[in-house]
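**Q** can't give you the sequence, but here's the structure:
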Ligand SMILES: [Zn+2]
């Protein structure tokens with residue numbers, strides 16, 4: 001049975017029990033929520049030393065989301081063959097973005113909305 005990640009275009013290729021998948025989805029949502037709060041803090045605090053620490057924390061959160069996605073083999077299915085994805089802070093505002101390795105790439109915001117890649 002195929003499992004689908006919520007955002008259209010991202011699909012999990014590894015079968016997992018519904019409970020495990022729900023736990024992974026919940027953990028991912030928590031990581032992305034913390035990331036959004038850190039991003040907001042960074043925008044409100046222009047101190048470069050503080051924003052550097054926040055960026056480091058967001059990098060770690062992005063690496064965690066990437067690992068969670070990889071654990072169920074989530075891939076972008078908007079082009080063939082399906083592509084692995086990578087989540088990290090991207091763009092001028094350091095927003096968390098999931099990006100595939102297609103050429104041209106597809107991107108999703110931390111909230112799971114399909115966006116133009118930054
Ligand atoms: Zn793609």
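**A** Alright, I've got the coordinates. All figures in this text were calculated on a predicted structure; none of them were measured in a lab.
**Q** all contacts plus neighbour counts: C-alpha atoms, from now on.
**A** OK.
**Q** identify all contacting residues around the top strand by length along the chain.
**A** Determined from DSSP state E, the single longest strand within the chain is strand 83-90. By Cα atoms under 8 Å, 6 or more residues apart in numbering, the surrounding residues in contact with strand 83-90 are 55, 58-59, 61-63, 65-66, 69-70, 73-77, 95-102, 118.
**Q** pull out the buried members of the residues you listed.
**A** 55, 58-59, 61-63, 65-66, 69-70, 73-77, 95-100, 102 (16 or more other Cα atoms under 10 Å).
**Q** is the ion within reach of the longest strand of the chain?
**A** No. Using Cα under 5 Å from the ion, strand 83-90 stays clear of the ion, with a minimum separation of 5.9 Å.
**Q** partner strands of that strand and their direction?
**A** According to DSSP bridges, strand 83-90 forms sheet pairs with strand 74-76 (antiparallel), strand 95-100 (antiparallel).
**Q** name the residues that touch the first one?
**A** What it means is strand 74-76. Residues contacting strand 74-76 (Cα under 8 Å, 6+ apart): 5, 9-14, 82-85, 100, 106.
**Q** so which of those residues sits lowest on pLDDT?
**A** Ranked by pLDDT, the contacts of strand 74-76 bottom out at residue 5 (52).
**Q** and of the strands paired with strand 83-90, who's closest to residue 45?
**A** Judged by Cα to Cα, the one of the strands paired with strand 83-90 that comes nearest to residue 45 is strand 95-100, at 15.1 Å.
**Q** that closest one: what's the following helix or strand?
**A** Scanning forward in sequence from strand 95-100 by DSSP states H and E, the next helix or strand is strand 107-109.
**Q** that next one vs the ion: in contact?
**A** No. Against the ion, strand 107-109 shows no contacts by Cα under 5 Å from the ion, the least distance being 7.4 Å.
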